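In: Structure for the following, please:
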Amino acid sequence: MSSTISVISAMPWRPQSRPLSLAIVAGLACALALGKALPSTMDAVSGALAPLCANAAEGSPLDKVEPIGSYALPNVPGKRVTIVRVTYGPGGFSRPHRHAGSVTAYITKGEIRSQLGGGPVETFTVGQSFFEPPGSTHLVSANASNTEPAELIAVFVADEGAQLTTFIN
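Out: Next comes the predicted model:
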């Protein structure tokens with residue numbers, strides 16, 4: 001775990017970076033176990049996570065995206081798993097976007113509102129998760145509270161080198 005932390009702390013993250021979206025968690029325990037089992041280099045991690053630093057949040061100065069890790073999947077050539085922690089301050093949100101690959105989100109604090117495509121707006125609480133198929137339009141990604149923070153762990157599975165998030169104008 002310490003090698004993952006040192007790689008992440010050496011990355012050039014800007015404190016004013018905002019979350020790009022909440023889209024992704026296929027199980028924190030599984031992701032952390034995978035993180036310990038697979039090696040990665042600083043270049044690979046920073047290249048895969050660079051699209052996550054876009055100025056995506058507009059609702060709270062406390063919104064942020066923290067990289068946890070990014071690893072090539074040796075049993076699925078050309079694919080990579082990328083794990084991030086998305087924190088929304090009170091009233092925080094990300095503007096509409098879509099992701100290149102599959103995303104699973106697992107709520108670890110508070111409540112998150114989410115809407116994919118033309119579907120209903122749903123609210124997810126601690127311990128719940130949701131899935132975004134590749135190319136889905138994520139119209140609502142927001143903290144459901146204006147007074148308490150919210151947090152999720154997002155796990156992306158996408159093509160190696162893909163831009164993970166594209167914002168919709």
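
In: and stretch 116-127, how far apart are its ends?
Out: 20 Å (Cα to Cα, to the nearest Å).

In: which of the residues in it are buried?
Out: Neighbour-count burial for stretch 116-127, counted by 16 or more other Cβ atoms under 10 Å, picks out 116, 124. Every residue, glycine included, has its C-beta placed from N, CA and C.

In: burial of residue 152, as a residue count?
Out: Using other Cβ atoms under 10 Å, residue 152 has 32 other residues around it.

In: How about the secondary structure of it?
Out: strand (DSSP: H, G, I helix; E, B strand; the rest coil).

In: where does it sit relative to residue 143, distance-wise?
Out: 10 Å (Cβ to Cβ, to the nearest Å).

In: now residue 125, nearest residue through space, not along the chain?
Out: residue 111 (5.2 Å; Cβ to Cβ, 6 or more residues apart in numbering).

In: partners of the closest residue in space to residue 109 that isn't next to it in sequence in the sheet?
Out: Distances taken as Cβ to Cβ, 6+ apart put residue 151 closest to residue 109, at 3.9 Å, once the chain neighbours are dropped. Beta-bridge partners of residue 151, counted by DSSP bridges, are residue 87, residue 109.

In: Name all residues that make contact with residue 116.
Out: Counting by Cβ atoms under 8 Å, 6 or more residues apart in numbering, residue 116 makes contact with 132, 136-139.

In: could those go into a markdown table alongside neighbour count, pLDDT and secondary structure?
Out: Shown next, in a markdown table, are these (neighbours: other Cβ atoms under 10 Å; pLDDT from 0 to 100; DSSP: H, G, I helix; E, B strand; the rest coil):
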| residue | neighbour count | pLDDT | secondary structure |
| --- | --- | --- | --- |
| 132 | 25 | 95 | strand |
| 136 | 17 | 93 | coil |
| 137 | 15 | 94 | strand |
| 138 | 24 | 94 | strand |
| 139 | 17 | 95 | strand |
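
In: Would you point out the most distant pair within those?
Out: 132 and 139 (11.3 Å; Cβ to Cβ).

In: Could you tell me which residues touch both of residue 152 and residue 143?
Out: Contact criterion Cβ under 8 Å, 6+ apart; residues shared by residue 152 and residue 143: residue 112.

In: other SSEs contacting the helix or strand where residue 158 lies?
Out: Applying DSSP states H and E as the criterion places residue 158 in strand 150-159. Here strand 150-159 touches helix 28-37, strand 79-88, strand 102-109, strand 111-116, going by 3 or more Cβ pairs under 8 Å, 6 or more residues apart in numbering; DSSP states H and E.

In: Go through those and name the closest to residue 68.
Out: Once those are compared by Cβ to Cβ, strand 79-88 is nearest, at 4.1 Å.
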